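>>> could you look at this predicted model? Sequence included:
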Amino acid sequence: MQLKILVTAGDGIGPEVTREAVAVLQEAASVGGNEIIITEGRIGGIAITTDGTPLPQKTLDAALDSDAVFLGAVGGNEFNSLAPDKRPEAGLLGLRAALGGFANLRPAFALKELAVNSPLRAEIIDGVDILFVRELLGGAYFGKPREWNKETGVAFNTMIYSREEVARVARVALQLAQKRRKKLCSVDKANVLEVSQLWRATVIEVAAEFPDVALEHQYVDAMAMHIMNRPRDFDVVVTENLFGDILTDESGVITGSLGMLPSATIGGKVNLYEPIHGSAPDIAGKGLANPLGAILTSALILRHSAGLETEAAAIESAVRKVLEQGFRTADLVRGKDHGYKVLSTTEMGAKVRETVKQILA
Ligand code: NAD
(Lines give C-alpha, C1' and ligand atoms only; values in the text may rest on other atoms or scores of the structure.)
Protein backbone atom coordinates (compact mmCIF):
# COMPACT_ATOMS: atom_id res chain seq x y z
CA MET A 1 0.00 0.00 0.00
CA GLN A 2 1.22 3.47 -0.86
CA LEU A 3 -0.13 6.64 0.78
CA LYS A 4 0.75 10.19 -0.17
CA ILE A 5 0.37 12.58 2.75
CA LEU A 6 0.77 16.34 2.67
CA VAL A 7 1.93 17.58 6.07
CA THR A 8 1.02 21.21 6.77
CA ALA A 9 2.58 21.61 10.19
CA GLY A 10 1.65 25.30 10.51
CA ASP A 11 2.54 27.46 13.49
CA GLY A 12 3.45 27.34 17.18
CA ILE A 13 3.53 23.77 18.43
CA GLY A 14 2.21 22.46 15.08
CA PRO A 15 5.67 21.51 13.71
CA GLU A 16 6.76 19.94 17.04
CA VAL A 17 3.76 17.65 17.39
CA THR A 18 3.39 16.68 13.72
CA ARG A 19 7.09 15.71 13.58
CA GLU A 20 6.53 13.15 16.35
CA ALA A 21 3.23 11.99 14.88
CA VAL A 22 4.66 11.46 11.40
CA ALA A 23 7.55 9.44 12.86
CA VAL A 24 5.06 7.21 14.72
CA LEU A 25 2.92 6.84 11.60
CA GLN A 26 5.96 5.87 9.51
CA GLU A 27 7.00 3.34 12.14
CA ALA A 28 3.55 1.73 12.24
CA ALA A 29 3.06 1.66 8.48
CA SER A 30 6.53 0.40 7.62
CA VAL A 31 6.14 -2.84 9.61
CA GLY A 32 3.74 -4.19 6.99
CA GLY A 33 5.91 -2.88 4.14
CA ASN A 34 3.57 0.02 3.38
CA GLU A 35 5.03 3.09 1.76
CA ILE A 36 4.19 6.51 3.15
CA ILE A 37 5.27 9.42 0.98
CA ILE A 38 5.42 12.66 2.92
CA THR A 39 5.48 16.08 1.30
CA GLU A 40 5.36 19.34 3.21
CA GLY A 41 3.38 22.50 2.59
CA ARG A 42 3.08 25.86 4.31
CA ILE A 43 -0.15 27.11 5.84
CA GLY A 44 -1.17 29.76 8.37
CA GLY A 45 1.25 32.26 9.88
CA ILE A 46 4.39 30.69 8.44
CA ALA A 47 2.82 30.96 4.97
CA ILE A 48 1.85 34.61 5.56
CA THR A 49 5.45 35.40 6.52
CA THR A 50 7.03 33.42 3.69
CA ASP A 51 4.50 33.56 0.84
CA GLY A 52 2.33 36.55 1.77
CA THR A 53 -0.87 34.51 2.04
CA PRO A 54 -2.20 32.03 4.64
CA LEU A 55 -2.97 29.43 1.97
CA PRO A 56 -0.47 29.48 -0.93
CA GLN A 57 -1.70 27.98 -4.22
CA LYS A 58 1.25 25.56 -4.08
CA THR A 59 -0.03 24.13 -0.78
CA LEU A 60 -3.56 23.86 -2.11
CA ASP A 61 -2.40 22.07 -5.28
CA ALA A 62 -0.25 19.68 -3.24
CA ALA A 63 -3.20 19.00 -0.90
CA LEU A 64 -5.52 18.14 -3.77
CA ASP A 65 -2.82 15.87 -5.20
CA SER A 66 -2.49 13.88 -1.93
CA ASP A 67 -4.38 10.97 -0.37
CA ALA A 68 -4.56 12.78 2.97
CA VAL A 69 -3.61 16.09 4.52
CA PHE A 70 -2.18 16.19 8.06
CA LEU A 71 -2.45 19.63 9.64
CA GLY A 72 -0.65 20.70 12.83
CA ALA A 73 -2.15 23.98 13.96
CA VAL A 74 -2.29 27.57 12.77
CA GLY A 75 -2.27 30.92 14.51
CA GLY A 76 -0.02 33.28 16.40
CA ASN A 77 -0.39 36.44 18.43
CA GLU A 78 1.57 38.50 15.89
CA PHE A 79 -1.22 37.98 13.33
CA ASN A 80 -4.11 38.98 15.58
CA SER A 81 -4.35 42.50 14.15
CA LEU A 82 -4.84 41.29 10.55
CA ALA A 83 -8.27 41.34 8.89
CA PRO A 84 -10.12 38.00 9.30
CA ASP A 85 -9.56 36.94 5.69
CA LYS A 86 -5.80 37.57 5.97
CA ARG A 87 -5.22 35.73 9.25
CA PRO A 88 -3.69 32.25 9.64
CA GLU A 89 -7.11 30.76 10.44
CA ALA A 90 -8.35 31.88 6.99
CA GLY A 91 -5.81 29.47 5.50
CA LEU A 92 -7.29 26.58 7.43
CA LEU A 93 -10.87 27.53 6.53
CA GLY A 94 -9.84 27.80 2.86
CA LEU A 95 -8.17 24.40 2.97
CA ARG A 96 -11.20 22.78 4.64
CA ALA A 97 -13.51 24.28 2.01
CA ALA A 98 -11.28 23.19 -0.90
CA LEU A 99 -10.99 19.62 0.38
CA GLY A 100 -14.76 19.50 0.81
CA GLY A 101 -15.03 17.06 3.73
CA PHE A 102 -18.56 17.04 5.17
CA ALA A 103 -18.17 14.53 8.02
CA ASN A 104 -16.05 15.62 10.95
CA LEU A 105 -15.04 12.72 13.18
CA ARG A 106 -14.16 13.52 16.78
CA PRO A 107 -13.51 10.61 19.13
CA ALA A 108 -14.30 11.21 22.82
CA PHE A 109 -12.69 8.60 25.01
CA ALA A 110 -11.65 8.02 28.60
CA LEU A 111 -8.26 6.64 29.46
CA LYS A 112 -8.07 5.08 32.92
CA GLU A 113 -4.65 6.62 33.47
CA LEU A 114 -5.97 10.11 32.77
CA ALA A 115 -9.12 9.83 34.90
CA VAL A 116 -7.74 12.47 37.29
CA ASN A 117 -7.55 14.93 34.40
CA SER A 118 -11.30 14.84 33.84
CA PRO A 119 -13.67 16.92 35.95
CA LEU A 120 -16.11 13.99 35.72
CA ARG A 121 -15.98 11.16 38.27
CA ALA A 122 -13.93 8.13 37.28
CA GLU A 123 -16.91 5.74 37.61
CA ILE A 124 -18.89 7.82 35.09
CA ILE A 125 -16.20 8.03 32.41
CA ASP A 126 -14.62 4.60 32.84
CA GLY A 127 -14.71 2.81 29.47
CA VAL A 128 -16.20 5.68 27.46
CA ASP A 129 -15.53 5.39 23.72
CA ILE A 130 -17.73 7.64 21.59
CA LEU A 131 -17.20 8.64 17.98
CA PHE A 132 -18.92 11.90 17.07
CA VAL A 133 -19.77 12.47 13.43
CA ARG A 134 -20.53 16.16 13.00
CA GLU A 135 -21.96 17.47 9.72
CA LEU A 136 -19.49 20.19 8.74
CA LEU A 137 -20.67 22.02 5.65
CA GLY A 138 -24.32 22.82 6.30
CA GLY A 139 -26.67 24.19 8.93
CA ALA A 140 -26.68 27.63 10.53
CA TYR A 141 -22.97 28.32 9.96
CA PHE A 142 -23.41 28.41 6.18
CA GLY A 143 -27.17 28.86 5.67
CA LYS A 144 -28.47 31.88 3.80
CA PRO A 145 -30.07 34.33 4.20
CA ARG A 146 -28.11 35.63 7.15
CA GLU A 147 -27.98 39.20 8.38
CA TRP A 148 -27.34 41.59 11.24
CA ASN A 149 -29.35 44.71 10.44
CA LYS A 150 -27.90 47.35 12.70
CA GLU A 151 -30.62 49.87 11.84
CA THR A 152 -33.51 47.68 12.81
CA GLY A 153 -31.57 45.93 15.56
CA VAL A 154 -32.52 42.53 14.19
CA ALA A 155 -30.22 39.66 13.23
CA PHE A 156 -30.90 36.17 11.91
CA ASN A 157 -29.29 33.05 10.50
CA THR A 158 -30.79 30.16 8.60
CA MET A 159 -30.39 26.58 9.75
CA ILE A 160 -30.90 24.75 6.49
CA TYR A 161 -30.31 21.16 5.32
CA SER A 162 -31.27 19.25 2.21
CA ARG A 163 -32.23 15.59 2.34
CA GLU A 164 -29.04 14.75 0.43
CA GLU A 165 -26.80 16.57 2.90
CA VAL A 166 -28.33 14.65 5.79
CA ALA A 167 -28.34 11.32 3.97
CA ARG A 168 -24.63 11.40 3.09
CA VAL A 169 -23.46 12.15 6.64
CA ALA A 170 -25.94 9.61 8.08
CA ARG A 171 -24.51 6.99 5.73
CA VAL A 172 -20.94 7.73 6.89
CA ALA A 173 -22.03 7.44 10.54
CA LEU A 174 -23.91 4.18 9.94
CA GLN A 175 -20.92 2.66 8.13
CA LEU A 176 -18.65 3.62 11.01
CA ALA A 177 -21.13 2.17 13.52
CA GLN A 178 -21.07 -1.12 11.59
CA LYS A 179 -17.34 -1.34 12.22
CA ARG A 180 -17.74 -0.54 15.93
CA ARG A 181 -20.42 -1.53 18.46
CA LYS A 182 -23.26 -1.17 15.94
CA LYS A 183 -25.08 1.62 17.76
CA LEU A 184 -25.95 5.01 16.32
CA CYS A 185 -27.48 7.92 18.20
CA SER A 186 -28.79 10.75 16.03
CA VAL A 187 -29.08 14.11 17.80
CA ASP A 188 -31.58 16.77 16.72
CA LYS A 189 -34.24 19.13 18.03
CA ALA A 190 -37.15 17.60 16.15
CA ASN A 191 -39.67 18.63 18.83
CA VAL A 192 -39.18 22.29 17.80
CA LEU A 193 -37.33 22.65 14.48
CA GLU A 194 -38.58 21.61 11.03
CA VAL A 195 -34.97 21.26 9.87
CA SER A 196 -34.53 18.67 12.61
CA GLN A 197 -37.70 16.86 11.54
CA LEU A 198 -36.19 16.48 8.06
CA TRP A 199 -32.93 15.38 9.72
CA ARG A 200 -34.67 12.68 11.77
CA ALA A 201 -36.85 11.40 8.91
CA THR A 202 -33.81 11.15 6.64
CA VAL A 203 -31.65 9.37 9.21
CA ILE A 204 -34.47 6.83 9.76
CA GLU A 205 -34.77 6.29 6.01
CA VAL A 206 -31.03 5.74 5.48
CA ALA A 207 -30.72 3.58 8.60
CA ALA A 208 -33.19 1.12 7.04
CA GLU A 209 -30.30 0.10 4.75
CA PHE A 210 -28.29 -0.85 7.86
CA PRO A 211 -30.51 -3.30 9.78
CA ASP A 212 -27.55 -4.45 11.90
CA VAL A 213 -27.13 -0.96 13.45
CA ALA A 214 -29.41 -0.05 16.38
CA LEU A 215 -30.61 3.52 15.90
CA GLU A 216 -31.79 5.87 18.63
CA HIS A 217 -32.64 9.57 18.63
CA GLN A 218 -31.97 12.18 21.30
CA TYR A 219 -32.88 15.84 21.52
CA VAL A 220 -29.76 17.97 21.73
CA ASP A 221 -30.62 19.46 25.15
CA ALA A 222 -31.15 16.00 26.65
CA MET A 223 -28.00 14.73 24.93
CA ALA A 224 -25.91 17.48 26.56
CA MET A 225 -26.94 15.95 29.90
CA HIS A 226 -26.61 12.30 28.87
CA ILE A 227 -23.00 12.89 27.79
CA MET A 228 -22.20 14.02 31.33
CA ASN A 229 -24.36 11.44 33.15
CA ARG A 230 -24.05 8.24 31.13
CA PRO A 231 -21.46 8.68 28.33
CA ARG A 232 -20.71 4.94 28.26
CA ASP A 233 -24.10 4.27 26.63
CA PHE A 234 -23.08 5.87 23.32
CA ASP A 235 -21.08 4.47 20.42
CA VAL A 236 -21.40 6.58 17.25
CA VAL A 237 -23.26 9.90 17.52
CA VAL A 238 -24.29 11.84 14.41
CA THR A 239 -25.51 15.39 14.47
CA GLU A 240 -25.71 18.64 12.53
CA ASN A 241 -23.03 21.33 12.46
CA LEU A 242 -23.96 23.67 15.33
CA PHE A 243 -25.09 20.93 17.73
CA GLY A 244 -21.96 18.95 16.88
CA ASP A 245 -19.69 21.92 17.51
CA ILE A 246 -21.05 22.26 21.02
CA LEU A 247 -21.39 18.57 21.93
CA THR A 248 -17.88 17.63 20.75
CA ASP A 249 -16.28 20.36 22.85
CA GLU A 250 -18.40 19.33 25.82
CA SER A 251 -17.23 15.74 25.33
CA GLY A 252 -13.61 16.86 25.36
CA VAL A 253 -13.85 17.04 29.14
CA ILE A 254 -14.25 13.24 29.25
CA THR A 255 -10.65 12.81 28.09
CA GLY A 256 -9.72 15.81 30.19
CA SER A 257 -6.93 17.31 28.10
CA LEU A 258 -6.91 19.32 24.89
CA GLY A 259 -3.52 17.89 23.94
CA MET A 260 -4.95 14.35 23.66
CA LEU A 261 -7.72 14.82 21.09
CA PRO A 262 -7.56 13.87 17.40
CA SER A 263 -9.98 14.64 14.56
CA ALA A 264 -10.59 13.73 10.94
CA THR A 265 -12.74 15.33 8.26
CA ILE A 266 -13.79 12.87 5.60
CA GLY A 267 -16.15 12.53 2.67
CA GLY A 268 -14.62 15.20 0.41
CA LYS A 269 -11.95 15.06 -2.28
CA VAL A 270 -9.14 14.50 0.23
CA ASN A 271 -9.45 13.68 3.93
CA LEU A 272 -8.09 16.23 6.38
CA TYR A 273 -6.62 15.16 9.73
CA GLU A 274 -5.76 17.45 12.62
CA PRO A 275 -5.42 17.36 16.40
CA ILE A 276 -8.13 19.59 17.85
CA HIS A 277 -5.81 21.87 19.82
CA GLY A 278 -4.49 25.18 18.49
CA SER A 279 -0.95 26.43 18.02
CA ALA A 280 -0.42 27.03 21.77
CA PRO A 281 2.01 29.95 21.32
CA ASP A 282 2.51 30.07 25.11
CA ILE A 283 4.48 26.82 25.05
CA ALA A 284 5.81 26.69 21.46
CA GLY A 285 9.46 25.74 21.05
CA LYS A 286 9.89 24.72 24.68
CA GLY A 287 9.50 20.97 24.31
CA LEU A 288 6.38 21.10 26.47
CA ALA A 289 3.77 20.29 23.83
CA ASN A 290 1.86 17.06 24.21
CA PRO A 291 2.21 15.19 20.89
CA LEU A 292 -0.37 12.50 21.77
CA GLY A 293 -3.32 14.29 20.10
CA ALA A 294 -1.30 14.50 16.89
CA ILE A 295 -0.10 10.91 17.31
CA LEU A 296 -3.70 9.70 17.76
CA THR A 297 -4.55 11.73 14.65
CA SER A 298 -1.97 9.70 12.73
CA ALA A 299 -3.87 6.57 13.82
CA LEU A 300 -7.00 8.05 12.22
CA ILE A 301 -5.05 8.56 8.97
CA LEU A 302 -4.09 4.89 8.90
CA ARG A 303 -7.67 3.82 9.73
CA HIS A 304 -9.66 6.09 7.44
CA SER A 305 -7.30 6.81 4.53
CA ALA A 306 -5.19 3.64 4.38
CA GLY A 307 -7.49 0.93 5.76
CA LEU A 308 -4.66 -0.16 8.09
CA GLU A 309 -6.79 -0.99 11.14
CA THR A 310 -4.18 -3.15 12.90
CA GLU A 311 -1.56 -0.42 12.64
CA ALA A 312 -4.04 2.28 13.73
CA ALA A 313 -5.07 0.21 16.75
CA ALA A 314 -1.38 -0.42 17.56
CA ILE A 315 -0.77 3.33 17.80
CA GLU A 316 -3.79 3.75 20.10
CA SER A 317 -2.65 0.86 22.31
CA ALA A 318 0.87 2.28 22.42
CA VAL A 319 -0.44 5.61 23.72
CA ARG A 320 -2.39 3.81 26.45
CA LYS A 321 0.62 1.67 27.36
CA VAL A 322 2.98 4.63 27.65
CA LEU A 323 0.49 6.37 29.96
CA GLU A 324 0.05 3.15 31.97
CA GLN A 325 3.82 3.12 32.50
CA GLY A 326 3.53 6.53 34.14
CA PHE A 327 4.94 8.68 31.35
CA ARG A 328 3.35 12.12 30.95
CA THR A 329 3.93 15.41 29.20
CA ALA A 330 3.74 18.41 31.53
CA ASP A 331 0.14 19.32 30.60
CA LEU A 332 -1.10 15.94 31.91
CA VAL A 333 0.50 16.24 35.33
CA ARG A 334 -1.80 17.03 38.25
CA GLY A 335 -0.66 17.65 41.81
CA LYS A 336 2.80 17.94 43.35
CA ASP A 337 4.00 14.52 44.43
CA HIS A 338 2.60 12.83 41.38
CA GLY A 339 5.32 10.25 40.79
CA TYR A 340 4.99 10.49 36.99
CA LYS A 341 7.93 10.42 34.63
CA VAL A 342 7.60 13.76 32.84
CA LEU A 343 8.77 13.71 29.22
CA SER A 344 9.43 16.38 26.60
CA THR A 345 7.59 16.38 23.27
CA THR A 346 10.34 14.44 21.49
CA GLU A 347 10.84 11.99 24.37
CA MET A 348 7.11 11.22 24.41
CA GLY A 349 7.15 10.74 20.62
CA ALA A 350 10.11 8.35 20.89
CA LYS A 351 8.43 6.37 23.70
CA VAL A 352 5.26 5.85 21.64
CA ARG A 353 7.29 4.95 18.55
CA GLU A 354 9.28 2.34 20.47
CA THR A 355 6.06 0.89 21.92
CA VAL A 356 4.36 0.73 18.51
CA LYS A 357 7.37 -1.21 17.22
CA GLN A 358 7.08 -3.70 20.12
CA ILE A 359 3.32 -4.14 19.64
CA LEU A 360 3.60 -4.78 15.91
CA ALA A 361 6.71 -6.98 16.15
P1 NAD B 1 -4.76 26.36 22.06
O2 NAD B 1 -5.42 25.05 21.82
O3 NAD B 1 -3.63 26.70 21.18
O4 NAD B 1 -4.26 26.45 23.58
C5 NAD B 1 -5.12 26.45 24.71
C6 NAD B 1 -4.32 26.03 25.96
O7 NAD B 1 -4.04 24.62 25.88
C8 NAD B 1 -2.95 26.71 26.06
O9 NAD B 1 -2.66 26.95 27.41
C10 NAD B 1 -1.99 25.70 25.49
O11 NAD B 1 -0.68 25.80 26.01
C12 NAD B 1 -2.65 24.39 25.87
N13 NAD B 1 -2.39 23.35 24.86
C14 NAD B 1 -2.97 23.23 23.63
N15 NAD B 1 -2.48 22.18 22.98
C16 NAD B 1 -1.57 21.62 23.79
C17 NAD B 1 -0.70 20.50 23.66
N18 NAD B 1 -0.68 19.73 22.56
N19 NAD B 1 0.13 20.22 24.69
C20 NAD B 1 0.13 20.95 25.81
N21 NAD B 1 -0.66 22.02 26.00
C22 NAD B 1 -1.50 22.36 24.98
O23 NAD B 1 -5.92 27.47 21.94
P24 NAD B 1 -5.79 29.06 22.03
O25 NAD B 1 -4.77 29.45 23.05
O26 NAD B 1 -7.18 29.52 22.18
O27 NAD B 1 -5.28 29.53 20.60
C28 NAD B 1 -3.92 29.75 20.26
C29 NAD B 1 -3.85 29.99 18.75
O30 NAD B 1 -4.24 28.80 18.06
C31 NAD B 1 -4.78 31.09 18.25
O32 NAD B 1 -4.11 31.80 17.26
C33 NAD B 1 -5.96 30.33 17.68
O34 NAD B 1 -6.63 31.04 16.67
C35 NAD B 1 -5.29 29.10 17.12
N36 NAD B 1 -6.15 27.91 17.01
C37 NAD B 1 -5.90 27.13 15.93
C38 NAD B 1 -6.61 25.94 15.80
C39 NAD B 1 -6.29 25.08 14.61
O40 NAD B 1 -5.28 25.29 13.98
N41 NAD B 1 -7.09 24.07 14.32
C42 NAD B 1 -7.56 25.55 16.74
C43 NAD B 1 -7.75 26.38 17.86
C44 NAD B 1 -7.03 27.56 17.99
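Everything's here; your move.
>>> can you count the residues close to I204?
For I204, the number of neighbouring residues by other C-beta atoms under 10 Å comes to 13. (Glycine included, C-beta is placed from N, CA and C.)
>>> OK, contacts around it?
I204 is in contact with L215, counting by C-beta atoms under 8 Å, 6 or more residues apart in numbering.
>>> burial measure for the nearest residue to A214 once chain neighbours are set aside, as a count.
Take A214 and drop its neighbours on the chain: the residue closest to it by C-beta to C-beta, 6 or more residues apart in numbering is K183, 5.1 Å away. By the measure other C-beta under 10 Å, the count of residues near K183 is 15.
>>> and the strands in this protein?
Taking DSSP state E as the criterion, the chain contains strands spanning 2-10, 35-40, 68-73, 103-109, 129-135, 147-149, 154-156, 183-188, 214-219, 236-239, 262-266, 271-275, 327-328, 341-342.
>>> who wins for proximity to the ligand among those strands?
The closest approach between the ligand and any of the strands of the chain, judged by C-beta to the nearest ligand atom, belongs to strand 68-73 at 3.8 Å.
>>> elements contacting the closest one?
Using 3 or more C-beta pairs under 8 Å, 6 or more residues apart in numbering; DSSP states H and E as the contact test, the elements touching strand 68-73 are strand 2-10, helix 14-31, helix 88-99, strand 271-275, helix 292-304.
>>> change it to 10 Å
Packing contacts for strand 68-73, counted by 3 or more C-beta pairs under 10 Å, 6 or more residues apart in numbering; DSSP states H and E, involve strand 2-10, helix 14-31, strand 35-40, helix 57-64, helix 88-99, strand 262-266, strand 271-275, helix 292-304.
>>> near the ligand, which residues of the chain?
Applying C-beta under 6 Å from any ligand atom, we find that the chain lies next to the ligand at 13, 17, 73-76, 89, 92, 258-259, 274, 277-283, 289-290, 293, 331.
>>> same list (the strands of the chain) but as a markdown table, adding mean pLDDT.
Supplementary listing: the strands of the chain in a markdown table, determined by pLDDT from 0 to 100:
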| stretch | mean pLDDT |
| --- | --- |
| strand 2-10 | 97 |
| strand 35-40 | 97 |
| strand 68-73 | 98 |
| strand 103-109 | 97 |
| strand 129-135 | 98 |
| strand 147-149 | 96 |
| strand 154-156 | 97 |
| strand 183-188 | 98 |
| strand 214-219 | 98 |
| strand 236-239 | 98 |
| strand 262-266 | 98 |
| strand 271-275 | 98 |
| strand 327-328 | 96 |
| strand 341-342 | 96 |
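>>> report the closest residue of the stretch 1-150 of the chain relative to the ligand.
Minimum separation of the stretch 1-150 of the chain from the ligand (C-beta to the nearest ligand atom) falls at G75, amounting to 2.3 Å.
>>> what residues are up against that residue?
With contacts defined as C-beta atoms under 10 Å, 6 or more residues apart in numbering, the neighbours of G75 are 10-12, 14, 44-45, 54, 87-89, 91-92, 278-281.
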